[in-house]
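Student: Got a sequence here, can you build the structure:
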Amino acid sequence: MRTILLTGAEWLAVLRIGLGLWWLESWRHKDRKGWFERGTGIAWAAEVAAKHRWAAVRSGFDRIVAPRPRAMAYIVVYAELALGLGLITGFVTPVALIGGLTLNLLYLVLMIHDWAEQGQNAMMALISLVALLAVSWQAWSLDSALGLFL
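Tutor: Numbers count the residues shown, from 1 in each chain. The predicted structure is shown next:
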């Protein structure tokens, strides 16, 4: 593989780190007080799910998320933080990439009507898939330094 300035593995690390920064920014800009104390994030998602065209999304949300809004708020918010930190540092990178891909696909399906969100989640999912299949933790990662997942 020919590349400019960096090796292929290093460019993949740049992509992985960039995705991690994207997750970290998603976490940073969240109104955590609103999510945790007032339940704003899950309440908004409940409104979206209630109007969803797919019955499976409505029933899945009602069965899994709606009964435990506080726990789900913490799971979503801190999952985004964990994904960001894991991808930036390259620690348990395959787990972070699979988790991020899963979360982006869940977001994509839930917000199927929101074109802006679809674009963001589709691109983040694509980056996760490429970074996973191209073993993006070969360079500039704790996984590489520790000899994990090689």
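
Student: Now do the end-to-end distance for stretch 56-70.
Tutor: With Cα to Cα, to the nearest Å applied, stretch 56-70 spans 22 Å between its terminal residues.

Student: Show me which positions of that stretch end up buried.
Tutor: 57, 60, 61, 65, 69 (16 or more other Cβ atoms under 10 Å). For every residue, glycine as well, the C-beta is placed using N, CA and C.

Student: which of those lies closest to residue 49?
Tutor: Closest approach between those and residue 49, by Cβ to Cβ: residue 61, at 3.7 Å.

Student: can I assume the closest one is in contact with residue 46?
Tutor: Yes - here residue 61 reaches residue 46: they are 6.8 Å apart, a contact under Cβ atoms under 8 Å.

Student: which SS state does the residue sitting nearest the centre point of the chain fall under?
Tutor: For the chain, residue 100 is the residue whose C-alpha lies nearest the centre (Cα atoms, centre = their mean; 3.2 Å). What DSSP: H, G, I helix; E, B strand; the rest coil gives for residue 100 is helix.

Student: Extract the CA atoms of the helix or strand of the chain with the lowest mean pLDDT and return them as PDB.
Tutor: Ranking every helix and strand in the chain by mean pLDDT, DSSP states H and E puts helix 115-133 at the bottom, with a mean of 93. Presented in PDB, the C-alpha positions along helix 115-133 are these (Å, rounded to 0.1, in the frame of the first residue of the first chain):
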ATOM      1  CA  TRP A 115     -31.700  13.200   7.500                       C
ATOM      2  CA  ALA A 116     -29.000  15.100   9.400                       C
ATOM      3  CA  GLU A 117     -28.700  12.400  12.000                       C
ATOM      4  CA  GLN A 118     -28.800   9.600   9.300                       C
ATOM      5  CA  GLY A 119     -25.800  11.100   7.600                       C
ATOM      6  CA  GLN A 120     -23.800  11.400  10.800                       C
ATOM      7  CA  ASN A 121     -24.600   8.000  12.100                       C
ATOM      8  CA  ALA A 122     -24.100   6.300   8.700                       C
ATOM      9  CA  MET A 123     -20.600   7.900   8.300                       C
ATOM     10  CA  MET A 124     -19.600   7.000  11.900                       C
ATOM     11  CA  ALA A 125     -20.800   3.400  11.300                       C
ATOM     12  CA  LEU A 126     -18.900   3.200   8.100                       C
ATOM     13  CA  ILE A 127     -15.700   4.500   9.800                       C
ATOM     14  CA  SER A 128     -16.200   2.000  12.600                       C
ATOM     15  CA  LEU A 129     -16.500  -0.900  10.100                       C
ATOM     16  CA  VAL A 130     -13.500   0.200   8.100                       C
ATOM     17  CA  ALA A 131     -11.400   0.700  11.200                       C
ATOM     18  CA  LEU A 132     -12.500  -2.700  12.600                       C
ATOM     19  CA  LEU A 133     -11.800  -4.700   9.400                       C
END
